[in-house]
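> starting from these lines, generate the structure:
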Amino acid sequence: MATTTAAQQRAQTKAEYDAFLAVCPSHKLLERISGKWVALILTALGSGPDCGGDPRPMRYSELSRLLAGVSQKMLTQTLRALERDGLISRTVTPTVPVTVTYELTDLGLSMYGLVRGLKLWAQTHMDDVLAHRASYDETTA
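Have a look, this model is predicted:
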């Protein structure tokens with residue numbers, strides 16, 4: 001068995017996880033986490049709709065009300081995918097009716113800051129983007 005240097009190991013790891021390659025697992029992960037519902041769910045669990053609170057568990061119905069336009073199917077699929085990836089945890093409390101809550105895991109919290117920044121950037125720069133769109137549409141029409 002051949003030994004490898006630290007530099008060789010870093011090069012091998014970099015080659016293994018190259019998100020520009022369609023077959024790379026990190027490519028698939030970026031595809032998953034770049035969805036709008038993922039960003040909004042992580043932001044909601046991280047601090048609520050105003051991005052001003054602390055991370056807290058939320059019930060499915062609370063998330064559903066908060067995320068305007070999400071279908072029940074899409075919310076369920078997205079929550080399951082996030083749980084599978086280890087970004088959120090699902091807790092079932094045996095009450096009548098059963099209470100199910102979702103919250104960010106440590107891994108999810110590590111991603112929350114990035115997603116929160118994207119959400120805030122989109123909100124802050126929406127007027128600029130709309131102006132550029134209008135200008136572009138005028139010149140290409």
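> quick check: Arg116 vs Phe20, distance?
26 Å (Cβ to Cβ, to the nearest Å). Glycine gets a C-beta too; all of them are placed from N, C-alpha and C.
> neighbour-wise, which of these two wins?
Arg116 (16 against 8; other Cβ atoms under 10 Å).
> which SS state does the more buried one fall under?
helix (DSSP: H, G, I helix; E, B strand; the rest coil).
> likewise for Glu103?
strand.
> excluding its backbone neighbours, what's nearest it?
Nearest non-adjacent residue to Glu103, counting by Cβ to Cβ, 6 or more residues apart in numbering: Pro57, 4.0 Å away.
> do the same with Pro25
Spatially, and ignoring its direct neighbours in sequence, Pro25 is nearest to Tyr17 (6.9 Å; Cβ to Cβ, 6+ apart).
> what sits against that neighbour?
Going by Cβ atoms under 8 Å, 6 or more residues apart in numbering, Tyr17 touches Cys24, Pro25, Ser26.
> the residue nearest to Glu103 is in contact with Thr91, isn't it?
Yes: assessed by Cβ atoms under 8 Å, Pro57 is found in contact with Thr91 at 7.0 Å.
> show me the contacts of Tyr17 that map onto helices.
Within the contacts of Tyr17, residues falling in helices by DSSP state H are Pro25, Ser26.
> measure Asp127 to Gly48 for me?
24 Å.
> settle it for me: which of those two has more neighbours?
The neighbour count for Asp127 versus Gly48, taken as other Cβ under 10 Å, is higher for Gly48 (16 against 9).
> now do the contacts for the more buried one.
Arg56, Leu66.
> what's the pLDDT at it?
Here, the pLDDT recorded for Gly48 equals 70.
> do you know how far the residue nearest to Pro25 is from Lys28?
From Tyr17 over to Lys28 the distance is 11 Å, taken as Cβ to Cβ.
> where do the helices sit along this protein?
6-16, 25-33, 36-47, 60-66, 72-84, 106-140.
> out of the ones you listed, deepest packed?
helix 36-47 (a mean of 21; mean count of other Cβ atoms under 10 Å).
> specify the angle between that one and helix 25-33 in degrees.
80 degrees (axes from the mean of the first three to the mean of the last three Cα atoms, to 10 degrees).
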